[in-house]
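In: Need a 3D model of the sequence below.
(one chain, ligands or ions: 1)
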Amino acid sequence: MASNTGGNGVDLWSEIIASQQQQQQQQQQSHVEVFYRRRKPSKTPPDVLPPKQMGLEDDGIHHRLSLVVLPPGPTKRISWNRSLSTRGRTSIAVGTCINHQPQPKKGKRKGKPPRPKGKQFKPQNFEMERMYFEEVDAFELLEESPSPKVFGTWAGANNTDSVALTHLSTRLNKWLICRNLNYSCGPSSTLSKILGTPSVKLEPIDCGNIDPENMKTPEKSSAKGTSRLPCAEITSHKVEDVGNESFEELEASVKKLSLASTSSSDALQFNPFATLLAVCEQSVPSKFQDVFSKYCDPQEIIKIGEGTFGEAFMAGNYVCKIVPIDGDFRVNGEVQKRSEELLEEVVLSRTLNYLRQNQEDARNACTTFIGTIDLKVCQGSYDASMIKAWEEWDENNGSENDHPNEFPDKQRYVMFVLEHGGKDLESFVLLNFNEALSFLVQVTAALAVAEAAYEFEHRDLHWGNVLLSRNESATVQFILEGKKMSVKTFGLLVSIIDFTLSRINTGEDILYLDLSSDPYLFKGPKGDKQSETYRKMKEITDDCWEGSFPKTNVLWLQYLVDICLLKKSFERTSKNERDLRSLKKRLDTYGSAKEAISDPFFSDLLVERVQIIDLDD
Ligand SMILES: Nc1ncnc2c1ncn2[C@@H]1O[C@H](COP(=O)(O)OP(=O)(O)OP(=O)(O)O)[C@@H](O)[C@H]1O
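Out: Next up is the predicted model:
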């Protein structure tokens, strides 16, 4: 047998391994340093840090980011630096970096990982999870991601400081991936078409003549084998005032949009704000009052919820989610999203809207993804009625967000006009096992449909992003690859929201968020189901987030089964619980929601299957 030892008897492989281990140890130690540094008050807080400290090296390539400490103080502002990355394909990338300061407002955050509701922050209690694991699958706990002790941040589940830090990870490195797959026969819902198509007159999806194989993301079934292709680096994209540009010019700008192009010169001309306006069919931003008045008497708007970035108001039958953009000061302790980030979310929402057009010849359709009615760019101050609505909500619920009076007159926003989806799973009271079944089957079917249509992965389906409402209808319809499914609802309807982390293949372009730029997303408390799910996603994708990994949808299904078992207290028998636990185990064996929907657990709920006869066959 060949030996790896050199002439002096030293095992070269051992040496190499030892030196690698030493390097790793050094890296880990430097992590520890960074994390500890972040908590230690420093005397002179740098507001804006030099690139190296912000994780941007001289070569312009975006490296892993470090948190740098700012001292506790009266302000909760954090400072970020954005960099443009060379990773990925032709892309528009915004790098992030975080300086952390203690947040004066603690409590509800629908972000990642979870924070408890209410004004008073209580440490999380993982006792139930612990018992559950011991009883059902203790081995999983051992298998799950490495102890965060080495990082020194998540010292324990009850470490409130750590928990408070995690919502910072909602500021992510956003990639708007632009890849022309050069399909000879692409679907009509390509990104360029979506961008060029008025939202009110969306084309139906006509996938009838399309070979689904042509739509698939190539070379990505295994993360290990996926290579990252070089992409054009965009060195600056200044947001310009496009108020004087004509709509035609904006349309031209959309057509030239780098999203639908592989040309780096096109990408360099890309003006995200102008494009966002064009996508929202505007030449100039609107006033809040004008948009609200389309849906209700603006005096009657009511605030119904808030997120890390958005404020949600009820306007007539619709929900208007308002997200501030492009400002250079922080809102709710977070750096504002940029136009390009919203552009991605806008396009994703539009694409998923296609699934709602349940036409006779549709191959994939469902109504579970929240309907986007309209998208508008607004500019200006909150009106008195909005302020009133905001203050009323604050009085009753205790807002975590900044008072809108703090926004400057020229602040820009994106307004998502959405269907009302009901209450989030976190606060919704499930009455019985049938309702739990109903919500699980609807989420699974919806994910299966969106996987089939767009290789869709939600990637953030925590219980704040599943909305529930009750209605009279006994069934809800899905079409999966031409097969009609009628699903029993037991009077419950599910809506899925928040596509910020989602990944989609429109047939021409792939849109996704590069989660590798947000290491804190993966450092939530051990044993916390949501945090574990991000870590499992990272494992599945091997940090290659542009690839298609429908297994991530299955991970969120398993998370939702756990939520049913651990966090919801509906009426159920021990057999019901066993069934849920068996489902969770079987989900391990599925690679996608499309596979999962065939699980026997769901078979009684799919009341009707009628094969659509495809005339082309
Ligand atoms: N379509 C809707 N129907 C009903 N309520 C909604 C709808 N959209 C948003 N909401 C409410 O507004 C809240 C904030 O919305 P959302 O979670 O989308 O904001 P966000 O800023 O993206 O949140 P996050 O903190 O997850 O980033 C939700 O938790 C929900 O209560």
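In: isn't residue 343 right up against residue 274?
Out: No. The pair residue 343 and residue 274 fails to qualify as a contact (Cβ atoms under 8 Å) at a distance of 10.4 Å. Just so you know, the C-beta spots here come from the backbone N, C-alpha and C atoms, and that holds for glycine as well.
In: Those two: who's more crowded?
Out: A direct count of neighbours by other Cβ atoms under 10 Å for residue 343 and residue 274 places residue 343 higher, at 28 against 22.
In: and after the strand or helix carrying the more buried one, which helix or strand comes next?
Out: Secondary structure from DSSP states H and E places residue 343 in helix 339-353. Using DSSP H and E, the next helix or strand after helix 339-353 towards the C-terminus is strand 372-379.
In: That next one vs helix 339-353, what angle?
Out: Counting by axes from the mean of the first three to the mean of the last three Cα atoms, to 10 degrees, strand 372-379 lies at 160 degrees to helix 339-353.
In: is the helix holding residue 343 up against the ligand anywhere?
Out: No. Applying Cβ under 6 Å from any ligand atom, one finds helix 339-353 separated from the ligand by no less than 8.6 Å.
In: Mind exporting the C-alpha coordinates of that helix to PDB?
Out: Extracted in PDB, the C-alpha atoms of helix 339-353 (Å, rounded to 0.1, in the frame of the first residue of the first chain):
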ATOM      1  CA  SER A 339     -35.200  50.200  -5.100                       C
ATOM      2  CA  GLU A 340     -33.500  47.100  -6.600                       C
ATOM      3  CA  GLU A 341     -34.500  45.000  -3.600                       C
ATOM      4  CA  LEU A 342     -38.100  46.000  -3.900                       C
ATOM      5  CA  LEU A 343     -38.000  45.500  -7.600                       C
ATOM      6  CA  GLU A 344     -37.200  41.800  -6.900                       C
ATOM      7  CA  GLU A 345     -40.100  41.500  -4.500                       C
ATOM      8  CA  VAL A 346     -42.400  43.300  -6.900                       C
ATOM      9  CA  VAL A 347     -41.500  41.000  -9.700                       C
ATOM     10  CA  LEU A 348     -41.900  37.900  -7.600                       C
ATOM     11  CA  SER A 349     -45.300  39.000  -6.400                       C
ATOM     12  CA  ARG A 350     -46.400  39.700  -9.900                       C
ATOM     13  CA  THR A 351     -45.100  36.300 -11.100                       C
ATOM     14  CA  LEU A 352     -47.000  34.400  -8.300                       C
ATOM     15  CA  ASN A 353     -50.100  36.400  -9.300                       C
END
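In: any idea how far residue 554 is from the ligand?
Out: As for residue 554, its distance to the ligand is 21 Å (criterion: Cβ to the nearest ligand atom, to the nearest Å).
In: helices or strands up against whichever strand or helix holds that residue?
Out: For residue 554, the host element (DSSP H and E) is helix 551-566. Counting contacts by 3 or more Cβ pairs under 8 Å, 6 or more residues apart in numbering; DSSP states H and E, helix 551-566 is packed against helix 127-135, helix 433-454, helix 529-541, helix 574-587, helix 593-596.
In: With distance to the ligand and mean pLDDT added, can I get those helices in TSV?
Out: Putting the helices and strands packed on helix 551-566 into TSV (distance: least, Cβ to the nearest ligand atom, whole Å; pLDDT from 0 to 100) gives the following:
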stretch	distance to the ligand	mean pLDDT
helix 127-135	22	51
helix 433-454	15	97
helix 529-541	12	98
helix 574-587	24	97
helix 593-596	21	98
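In: Which of those sits closest to residue 607?
Out: For residue 607, the closest of the helices and strands packed on helix 551-566 is helix 433-454, at 10.7 Å, according to Cβ to Cβ.
In: immediately after that closest one, which helix or strand?
Out: Next along from helix 433-454, by DSSP H and E: strand 466-470.
In: Let's see that following strand as CSV, backbone CA atoms only.
Out: Once non-C-alpha atoms are left out, strand 466-470 reads as follows in CSV (Å, rounded to 0.1, in the frame of the first residue of the first chain):
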residue,chain,number,x,y,z
VAL,A,466,-48.9,32.0,6.9
LEU,A,467,-52.2,33.8,7.1
LEU,A,468,-55.5,32.1,8.0
SER,A,469,-59.1,33.1,7.6
ARG,A,470,-62.4,31.3,7.9
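In: Buried ones in whatever helix or strand comes next after that strand, by neighbour count?
Out: Next in sequence after strand 466-470, counting helices and strands by DSSP H and E, comes strand 475-480. Within strand 475-480, the residues that qualify as buried are 476, 478-480, counting by 16 or more other Cβ atoms under 10 Å.
In: For strand 475-480, which outside residues touch it?
Out: 358, 362-368, 442, 445-446, 448-449, 452, 484-489, 493, 594, 597, 607-608, 612 (Cβ atoms under 8 Å, 6 or more residues apart in numbering).
In: Would you mark the buried spots in the very next helix or strand once past that strand?
Out: Once the chain leaves strand 475-480, the next helix or strand it forms, by DSSP H and E, is strand 483-488. Within strand 483-488, the residues scored as buried using 16+ other Cβ under 10 Å are 484-488.
In: Pull up the gap between the closest residue to the ligand within the chain and residue 401, please.
Out: Of all residues in the chain, residue 307 sits closest to the ligand, at 2.1 Å by Cβ to the nearest ligand atom. Here residue 307 is placed at a distance of 9 Å from residue 401 (Cβ to Cβ, to the nearest Å).
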